[in-house]
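Asker: need a structure here:
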Amino acid sequence: MDVRKSRSHQLARSMGGMASSSLVSAVRSITGQAVKCRTCFDLGEVEAAQITVAQPRWVGQDYAKSNPRIAIVMLNPGSGAFRSDSANAKMLDLLHELSENGGSLRAIFAHQASDMPNWEEGRFTTFYLDGLNLHLRKVTFENIAWCAAKGIKYPKTMLQRCFTPAHVTTPQSH
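Answerer: Numbering: from 1, shown residues only. So this is what the prediction gives:
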């Protein structure tokens with residue numbers, strides 16, 4: 001079995017359950033709102049990549065109880081411009097299901113876990129998991145911008161807009 005495929009199966013198995021129910025509720029609430037936002041695209045500030053809606057990022061099932069908690073904060077999701085498989089189409093379907101039909105955040109995270117070894121042609125897991133010796137179950141990967149854009153273009157207004165109260169509310173602010 002190819003190393004990437006083996007790693008993919010290992011990551012998917014590690015996904016089992018997610019973190020505490022309050023963390024799941026908070027992530028689900030924010031994600032449900034984010035996948036409906038199209039403001040930056042509608043204003044013409046950026047052009048959508050293959051996945052045309054906001055993407056939640058990985059929260060390991062043991063993250064909430066990890067000590068220390070490790071959060072890797074990146075700029076944006078990759079555009080997927082050089083991918084020729086069906087992983088981006090599957091992710092987009094899962095995100096639409098979440099937005100429209102109350103789909104499963106767990107299914108999104110499971111898909112991410114199984115696809116992560118393919119991100120950046122394997123360099124993502126090689127660097128973060130193998131190189132930094134991070135454990136997928138205990139870490140979260142987050143992005144400042146939740147939407148992938150063609151040409152790696154992220155204007156300041158886009159990055160500011162992602163974090164305004166009109167666009168994101170947490171369960172505590174309801």
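Asker: burial count for S99?
Answerer: Close neighbours of S99, defined as other Cβ atoms under 10 Å, add up to 17. The way it works is simple: take the backbone N, C-alpha and C, and place the C-beta from them, glycine included.
Asker: would you confirm that it contacts G32?
Answerer: Yes. Assessed by Cβ atoms under 8 Å, S99 is found in contact with G32 at 6.8 Å.
Asker: would you map the strands across this protein?
Answerer: Here the chain has its strands, by DSSP state E, at 70-74, 139-143.
Asker: save these as JSON lines, and put in mean pLDDT, mean neighbour count and distance to S86 too.
Answerer: Output for the strands of the chain, formatted as JSON lines (pLDDT from 0 to 100; neighbours: other Cβ atoms under 10 Å; distance: least, Cβ to Cβ, whole Å):
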{"stretch": "strand 70-74", "mean pLDDT": "94", "mean neighbour count": "13", "distance to S86": "24"}
{"stretch": "strand 139-143", "mean pLDDT": "92", "mean neighbour count": "19", "distance to S86": "22"}
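Asker: in a markdown table: those strands, plus distance to L43.
Answerer: Below are those laid out as a markdown table (distance: least, Cβ to Cβ, whole Å):
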| stretch | distance to L43 |
| --- | --- |
| strand 70-74 | 23 |
| strand 139-143 | 20 |
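Asker: nearest to F41, of these?
Answerer: With Cβ to Cβ as the criterion, F41 lies closest to strand 139-143 of the strands of the chain, at 16.3 Å.
Asker: which strands and helices sit next to the closest one?
Answerer: strand 70-74 (3 or more Cβ pairs under 8 Å, 6 or more residues apart in numbering; DSSP states H and E).
Asker: okay, now the sheet partners of the strand it packs on, with direction.
Answerer: Here strand 70-74 has these sheet partners by DSSP bridges: strand 139-143 (parallel).
Asker: and the strand it pairs with, how far out from the chain's middle?
Answerer: The chain centre lies 8 Å from the centre of strand 139-143; the measure is Cα atoms, centre = their mean, to the nearest Å.
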